[in-house]
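**Q** Sequence below, structure please.
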Amino acid sequence: MMENHPSLAQTKDRNGLLPHHLAAQHNAPADVLEKIIELYPDACDVQCGAKGFTPLHFAVEANLPTPKVKALIKAS
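**A** Here you go, the predicted structure:
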């Protein structure tokens, strides 16, 4: 869906979270996370939610596998 509508990567949900944050928080498949990062890499530095977390914060809190964490660090 995002390939046809890349602007969705910049759309926040009702809680103010971007797809990057949600993908990290819910351990999305690596290819999904990589595609979201590709579409909107600047979101990796955006702080959202009540705690002001970046996607990397969510990834660490969710104990994501190292390759996913590295992808977020590289994009930051």
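**Q** So the most centrally placed residue in the chain versus Thr54, what's the distance?
**A** The chain has His20 as the residue nearest its centroid, 1.6 Å off, counting by CA atoms, centre = their mean. Here the distance between His20 and Thr54 works out to 8 Å (CB to CB, to the nearest Å). Heads up, the C-betas are built off the backbone N, CA and C, glycines and all.
**Q** Touching both of those two, which residues are there?
**A** 44, 46, 72 (CB atoms under 8 Å, 6 or more residues apart in numbering).
**Q** How about Ile37, nearest residue that isn't a chain neighbour?
**A** Distances taken as CB to CB, 6 or more residues apart in numbering place Ala75 nearest to Ile37, at 4.8 Å, with adjacent residues excluded.
**Q** that older thread, closest to Asn15 out of the shared contacts of His20 and Thr54?
**A** The nearest member of those to Asn15, counting by CB to CB, is Val46 at 13.4 Å.
**Q** where does the chain dip in pLDDT?
**A** 1-2 (pLDDT under 70).
**Q** Where do the helices of it begin and end?
**A** 19-25, 30-39, 55-61, 66-75 (DSSP state H).
**Q** Out of the ones you listed, which gets nearest to Ser7?
**A** Once these are compared by CB to CB, helix 30-39 is nearest, at 8.7 Å.
**Q** Counting by contacts, list what that closest one packs against.
**A** helix 19-25, helix 66-75 (3 or more CB pairs under 8 Å, 6 or more residues apart in numbering; DSSP states H and E).
**Q** what comes up buried for that helix?
**A** By 16 or more other CB atoms under 10 Å, the buried positions in helix 30-39 come out as 33-37, 39.
**Q** Ok, stretch 48-65 next?
**A** 48-49, 53-59, 64.
**Q** can you pull the contacts of the closest residue to Ala23 other than its chain neighbours?
**A** With sequence-adjacent residues excluded and distances taken as CB to CB, 6+ apart, Ala23 is closest to Leu33, at 4.8 Å. Residues counted as contacts of Leu33 (CB under 8 Å, 6+ apart) are 20, 23-24, 68, 71-72.
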